[in-house]
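Chemist: A predicted structure for the sequence below; I have some questions about it.
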Amino acid sequence: MIEDSRFTLDPATPDLHADNDHLRKAGPLVPVTAEGCPVWAATRYETLMAVLTHPDMSRELHHWADRHAMPPGTAIDRIVSDTSLLNAEGERHRRLRMPLTAAFSQRRLNRLRPRIEELTARLIDGLAAMPPGEPVDLRLEFAYPLPREVISELIGIPAAHQDELHRLTDAVAQVGGLEDSPALREELRGLLDQIIEERRGTPGEDLITDLFELHEKDGGRLSEDELFATIELLFIAGHVTTVNLITNAIGALLTVPGQLELLRSGQCDYTAAVEETLRWDSPIAYFPMRYAVQDVEIDGVPLRAGEPVLACFASAGRDPDQYGEHAHRFDISRPPNTHLAFGHGPHFCLGAPLARLEGEIALRALFEAFPGMTLAAPPEELPPLDTLLGNSTRTMPVLLGPRAR
């Protein structure tokens, strides 16, 4: 791998998009250092698409030639060592993914919509009851609890464990006072393991029950390790990125002039606001890892077998080669464009329809309830998440103003 002029990705960068502009100008595949790992960064839309779909690029960790040099306990380490369908390929990936497709089908989402609307309305009532005139952190009080509650019900988390589970996942979502750490992740895993064990023999209409049936009644289609890893992945991945999506959309709509007027006049709908947020401010900044199975060339850059490539989702979303000279502008009236915020190909995000539904319902309810809402701090003063994976701010303080009658 090229070692000259390697750019170090800073988890605490004050301007992720400026960093990505720099990377895109440096080339389609750029040598960078990410949490101590020398990797290639796929910076442009077409390059990232090629990496996500190329038959000689794999998510299976054993293809990473220098994987033993990876620092332990990092965010990258947690992702690449995951044993669920996240890093599976081929027949194993299909075997692990197929049982989950029904959980996120349009039929199940249609049944879930009234519950999402009910949870959203309850959160809106809670916001309206807060002391008037004081800033409210919408990431903590709105963007986070909604997807957390939805995924808890969808998976089947018992009510007795939800408070403790929420305390731990507060840190993963970077809300509240706890800090994310390897030790906290171990505690979270232990609690999820306990929940899974307690749910044996207590069937319900939820994903844990569905997965138990596959594990125990379908010829062992899921091994014990796969069962646990799948449930853990679905719980964490099933809400943390949606927190970022809703937070980022609120910030964009309150910051960029004219966008709320497009929604309120009916010229654009909230689906457009969700999709433009996904493109312009992807909930995921960088995501590890694809590995070259053999020597391969992508966009004129030769990769040696075993070299890792980092997916730069936030960078690809602002690529002017794909979205034109105004790619850096947030504009919900933009003609519909494809984006890669949910990935592409066999690993396309299973929860994409649910995230879109939650985002649309949440934003519509929030802005209709509080038409005079304003930011309580300049956007440039909001602290970033301080992680290479997520792209958002730690807080989203607003002044709600009066509730609409």
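Modeler: Sure thing, it's come through.

Chemist: And the pLDDT for the closest residue to Pro145 other than its chain neighbours?
Modeler: By the measure of C-beta to C-beta, 6 or more residues apart in numbering, the closest residue to Pro145 outside its immediate chain neighbours is Leu123, 6.2 Å from it. No exception for glycine: its C-beta is placed from N, CA and C like everyone else's. As predicted, Leu123 sits at a pLDDT of 98.

Chemist: Over to Thr387?
Modeler: The per-residue pLDDT reported for Thr387 equals 88.

Chemist: what residues are up against it?
Modeler: For Thr387, the residues meeting the contact criterion (C-beta atoms under 8 Å, 6 or more residues apart in numbering) are 11, 75, 174, 180, 285.

Chemist: Mind putting those residues into JSON lines with distance to Tyr144, pLDDT and neighbour count?
Modeler: Shown next, in JSON lines, are the contacts of Thr387 (distance: C-beta to C-beta, whole Å; pLDDT from 0 to 100; neighbours: other C-beta atoms under 10 Å):
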{"residue": "Pro11", "distance to Tyr144": "20", "pLDDT": "91", "neighbour count": "18"}
{"residue": "Ala75", "distance to Tyr144": "19", "pLDDT": "85", "neighbour count": "19"}
{"residue": "Gln174", "distance to Tyr144": "9", "pLDDT": "61", "neighbour count": "25"}
{"residue": "Asp180", "distance to Tyr144": "14", "pLDDT": "78", "neighbour count": "20"}
{"residue": "Ala285", "distance to Tyr144": "18", "pLDDT": "97", "neighbour count": "28"}
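
Chemist: Greatest separation within those residues: which pair is it?
Modeler: Asp180 and Ala285 (15.1 Å; C-beta to C-beta).

Chemist: Which of the residues in the helix or strand where Leu211 lies are classified as buried?
Modeler: When secondary structure is defined by DSSP states H and E, Leu211 falls within helix 207-217. Neighbour counts using 16 or more other C-beta atoms under 10 Å place 207-208, 210-212, 214-215 of helix 207-217 among the buried residues.

Chemist: And for the residue most central in space within the chain, nearest residue in space, chain neighbours not counted?
Modeler: The central residue of the chain, meaning the one whose C-alpha is nearest the mean C-alpha position (C-alpha atoms, centre = their mean), is Thr241 at 2.7 Å. Nearest residue to Thr241 in three dimensions, chain neighbours excluded: Pro283, at 4.3 Å (C-beta to C-beta, 6+ apart).

Chemist: same thing with Val150?
Modeler: With C-beta to C-beta, 6+ apart as the criterion, Val150 has its nearest non-adjacent residue at 5.9 Å, and that residue is Ile116.

Chemist: go on, Phe104?
Modeler: In space, and not counting its chain neighbours, Phe104 is closest to Leu350: 5.2 Å by C-beta to C-beta, 6+ apart.

Chemist: Tell me the secondary structure of that neighbour, please.
Modeler: Look at Leu350: counting by DSSP: H, G, I helix; E, B strand; the rest coil, its state is coil.

Chemist: try Glu325
Modeler: For Glu325, the secondary structure call by three-state DSSP comes out as coil.

Chemist: Report how many residues lie close to it.
Modeler: Applying the criterion other C-beta atoms under 10 Å, we find 7 residues in the vicinity of Glu325.

Chemist: cool, and Pro378?
Modeler: Neighbourhood size, Pro378 [other C-beta under 10 Å]: 8.

Chemist: and it, how far is that from His328?
Modeler: Note on Pro378: its distance to His328, by C-beta to C-beta, to the nearest Å, is 19 Å.

Chemist: gap between Phe287 and Phe212?
Modeler: Between Phe287 and Phe212 the computed distance is 29 Å (C-beta to C-beta).

Chemist: again, but for Glu198
Modeler: Between Glu198 and Phe212 the computed distance is 12 Å (C-beta to C-beta).
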